[in-house]
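S.K.: Just the structure for this:
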Amino acid sequence: MEENLTSTNLLTNPGANDVVSHLPSWLQPEWLRIALIVIFAPLIYYLMLSLGRRLKRRHGVKLGILYHAFSLGCGIFFPAALLEPRGFILDNIGAFTVIFGGVFVISLVDRYVWELYFKQIQNIDVPKFLPEVVRLGILILAVFWALHHFYGQTVSGLIIAPGIAAVVIGFAMQDSLGNIISGIALQAGKPYAHGDWLLVDNRYAEVIEVNWRATRLRTHDDVLIEIPHRQMASQTIVNLNRPTRRHAVRVGVGIDSSAPPSRVRDVLLHATSNAKGVSPEPRPKVYLKNFAESSVEYEIKFWIEDHLYFNDICDSVRTNVWYSLQRHGIKIPFPTRTVQVERPTRSKQQEVQSTARQILRQQPLFKSFSDDQLDALLPRGQLTSFGRTEKIIEQGANGDSMFILVKGEANVVLNRNGLDTHVASLKSGDCFGEMSLLTGEKRSASIIAKSDCEVVEIGKPILANSLKENPELLAKLSALLAQRQLENEGAMAAQTDTSIVRAKQSEYQTTFIDKLRVFFEL
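M.R.: Next comes the predicted model:
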C-alpha cells in the first residue's frame, strides 16, 4: 500500500487531492474523469486536424508532422488538465505541446506575415535572415514559457544559470554574432536589395541572396561571391540600381593629336548614340580628358538601363567608335613613337573601281553612262566601312548621295508609328539612296548593316561635275525618272491611249529636268 502511494506521489504534484476535491461531486469518480478524457481527446484531435487541413488547402500554410504532434498534445492535455490533477506526465505533455505550438505559430507567421503581407501585398522582398531570426525568437519564447509554467523555472534563473557558458559561447561566436548585428543594421538602412548591381572591392556583382550571415553576389562571369555582413558594413557600397536602374558608364579612347577636338566629339557622339543598348536620354557626352604622350585622351559618358548588359553595351560602343573613326580618317595612335604610314596599293584601287563600275553598270540609272563617265563618278576606289548593326543611312535624314554595297549584307528598315519593320535585304552588288542623290529627297528608310560592310559613296558634287561635262546625261536621267514616276502611278497600265502616256511622260521629263538643274545648280 505504501509502495502504491509512493508511486502515485511521483506522478502528481502536492495538493493533487485538493484539485480533485474542488471538482463537482459528479465528476469526482476517477472512472468518469477517465471516460471524459477518452471521449474529448479524439474530438479535440479531430478538430485540430480539420483546422490544419483548412489552413493548408485554402490558405497555403505549410504544416508537417509536428502539427500532428501539436494536435495530439492539445487533445490529451486540455481535457486532462481540466479533469485531472497536474502531474509529472501531464506537465511533460503540456511542455512539449507548447513547444510544438511555437512551431505552428512559426508556420502561420511565415505564411501570413512574410509571404502574404510583405511579398504579395507590399511587394517587399524580405531578406532571408530576418524570418530565420524571428523563427528562432518564437521558438526560444515557447521553450522559456514551457519551462516557467510547467517546471517552475523563472526567466531570470534560466538566463543567469548558464551565464558562464553563454560568455564562452559568445566569444566563440563573436564573428557570427557580429555578422547578424551588421546584417540587421544593413537591412535597417536598406542600402541594397535582391537584384541590385553593386560595385564592391572594384568588382561589379548582382545581389542574389541576403541571409542571416552574409550577402551573396554573382559577377558577370557567373562567379558566386559571399561577403560577410561585417565586411559589407565596413566598406563603401556603390549601388548601381539606386535611385534608378539607369546609370552612367564611362569609356576612354585615345585619339591622334592632329584630329580637331570638335570633329572628334561629333564622331564619338554619333557612334555612341547609335550603339545598341545606350539610353537615348540623357544624351551621351564626350570630354577631352588629357593630353597623353602619344595621344589625346577622350572620355565617353553614356547611360544604360541595366548593368547586366554592361559588357555587351561597352563592346557595341567601342566597335561603333572604331568604325566611325575609320570612316572619318581619324586614327587611334599606337602607344609607341613609331610612325606607321599605310597606303592602299594601286591594284587594290583598281580592283575596287572595277567592282564598283560593274555594279553601277547593272543599275538602270547608269546604263547610259560610258566607262569614263562611270569612273568619274567613283571616288577612286576609296571604301567606307560600317560595322554590324550600324546605320549606314537613317530614315528621315537629309541626303545627297547614293551608296554601292561592295561587300557585306544590310537590312532595309522602315519606321512606322515608332515601330521598326524589316522590309528588304541588301547584299553585295546592290545600290541604294539614288533618289536622294538625284533629287535631294530625305531618306525614305534606314539601312542597317547586317554584317561588316564596305560601301562606296557617290556624292552630289561628283555627279554634278559629270552632268556639267556631259549635258546629254541630264536628258537621259530625267527620262528614266519620268518612266519610274509613271510606273509608280500605274499610268502605263491604266491608259491605253499611247499618245496620252507619251504626253504625260514628256510632262514629267520636263519637270525632272528643271528639278535636276535647280538641285545640281546647272
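S.K.: Tell me how far the residue nearest the centre of the chain lies from Arg245.
M.R.: Centroid-nearest residue in the chain, with C-alpha atoms, centre = their mean: Asp306, separated by 4.6 Å. Going from Asp306 to Arg245 by C-beta to C-beta, to the nearest Å gives 6 Å. Backbone N, C-alpha and C define where each C-beta goes, glycine included.
S.K.: domain assignment for this protein?
M.R.: Following automatic domain parsing, the chain resolves into domains at 2-161, 175-239, 247-327, 348-363+378-462, 471-522.
S.K.: May I see those domains arranged in a markdown table, with distance to Ser370 and mean pLDDT as well?
M.R.: Shown next, in a markdown table, are these (distance: least, C-beta to C-beta, whole Å; pLDDT from 0 to 100):
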| stretch | distance to Ser370 | mean pLDDT |
| --- | --- | --- |
| domain 2-161 | 73 | 73 |
| domain 175-239 | 58 | 80 |
| domain 247-327 | 30 | 93 |
| domain 348-363+378-462 | 10 | 83 |
| domain 471-522 | 10 | 72 |
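S.K.: now the strands for the stretch 351-500 of the chain?
M.R.: For the stretch 351-500 of the chain, strands defined by DSSP state E, counting those that start in this stretch occupy the ranges 384-386, 391-393, 401-407, 410-416, 419-426, 431-432, 446-449, 453-459.
S.K.: Would you format those strands as a markdown table with mean neighbour count and distance to Phe104 included?
M.R.: Below are those laid out as a markdown table (neighbours: other C-beta atoms under 10 Å; distance: least, C-beta to C-beta, whole Å):
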| stretch | mean neighbour count | distance to Phe104 |
| --- | --- | --- |
| strand 384-386 | 20 | 68 |
| strand 391-393 | 21 | 64 |
| strand 401-407 | 22 | 74 |
| strand 410-416 | 17 | 61 |
| strand 419-426 | 12 | 56 |
| strand 431-432 | 20 | 74 |
| strand 446-449 | 22 | 63 |
| strand 453-459 | 21 | 69 |
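S.K.: and Leu66, that's in a helix?
M.R.: Yes - Leu66 sits within a helix when classified using DSSP: H, G, I helix; E, B strand; the rest coil.
S.K.: Tell me how many other residues surround the residue lying closest to it once chain neighbours are set aside.
M.R.: Nearest non-adjacent residue to Leu66, counting by C-beta to C-beta, 6 or more residues apart in numbering: Val103, 4.9 Å away. By the criterion of other C-beta atoms under 10 Å, Val103 has 18 neighbours.
S.K.: Equivalent analysis for Ala35, please.
M.R.: Per other C-beta under 10 Å, the neighbour tally for Ala35 reads 12.
S.K.: before we move on, what about Val143?
M.R.: By other C-beta under 10 Å, neighbour count at Val143 equals 15.
S.K.: go on, Glu293?
M.R.: Residue neighbour count, defined by other C-beta under 10 Å, stands at 8 for Glu293.
S.K.: Rebuild the strands of the stretch 351-500 of the chain as JSON lines, extending it with distance to Lys367.
M.R.: JSON lines is the format used below for those (distance: least, C-beta to C-beta, whole Å):
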{"stretch": "strand 384-386", "distance to Lys367": "25"}
{"stretch": "strand 391-393", "distance to Lys367": "24"}
{"stretch": "strand 401-407", "distance to Lys367": "15"}
{"stretch": "strand 410-416", "distance to Lys367": "23"}
{"stretch": "strand 419-426", "distance to Lys367": "20"}
{"stretch": "strand 431-432", "distance to Lys367": "12"}
{"stretch": "strand 446-449", "distance to Lys367": "23"}
{"stretch": "strand 453-459", "distance to Lys367": "16"}
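S.K.: Please identify which of those strands is closest to Val249.
M.R.: strand 391-393 (21.4 Å; C-beta to C-beta).
S.K.: what distance separates the longest helix along the chain from the centre of its chain?
M.R.: Ranked by number of residues, the top helix in the chain under DSSP state H is helix 30-59. In terms of C-alpha atoms, centre = their mean, to the nearest Å, the centre of helix 30-59 is found 52 Å from the chain centre.
S.K.: and if you look at stretch 478-487?
M.R.: On C-alpha atoms, centre = their mean, the centre of stretch 478-487 falls 51 Å from the chain's centre.
S.K.: show me what contacts the residue lying closest to Ala410 once chain neighbours are set aside?
M.R.: Residue nearest to Ala410 in three dimensions, not counting chain neighbours: Leu426, with 4.4 Å by C-beta to C-beta, 6+ apart. Residues near Leu426 by C-beta atoms under 8 Å, 6 or more residues apart in numbering: Leu405, Glu409, Ala410, Asn411, Val412, Phe432, Ile447.
S.K.: now for the strands of the stretch 351-500 of the chain, which one comes closest to Val143?
M.R.: strand 419-426 (64.2 Å).
S.K.: strands paired with that closest one, and their directions?
M.R.: strand 410-416 (antiparallel) (DSSP bridges).
S.K.: what residues does the strand it pairs with touch?
M.R.: Here strand 410-416 has contacts from 392, 395, 420-427, 432, 444-450, 453, using C-beta under 8 Å, 6+ apart.
S.K.: and with 7 Å instead?
M.R.: The contact list for strand 410-416 (C-beta atoms under 7 Å, 6 or more residues apart in numbering) reads 392, 395, 420-426, 445-450, 453.
S.K.: Also stretch 195-204?
M.R.: 192, 205-207, 217, 219-220, 227, 237-241, 307, 310.
S.K.: now those residues: which count as buried?
M.R.: By neighbour count, with 16 or more other C-beta atoms under 10 Å, the contacts of stretch 195-204 hold 192, 205-207, 217, 220, 227, 237, 239-241, 307, 310 as buried.
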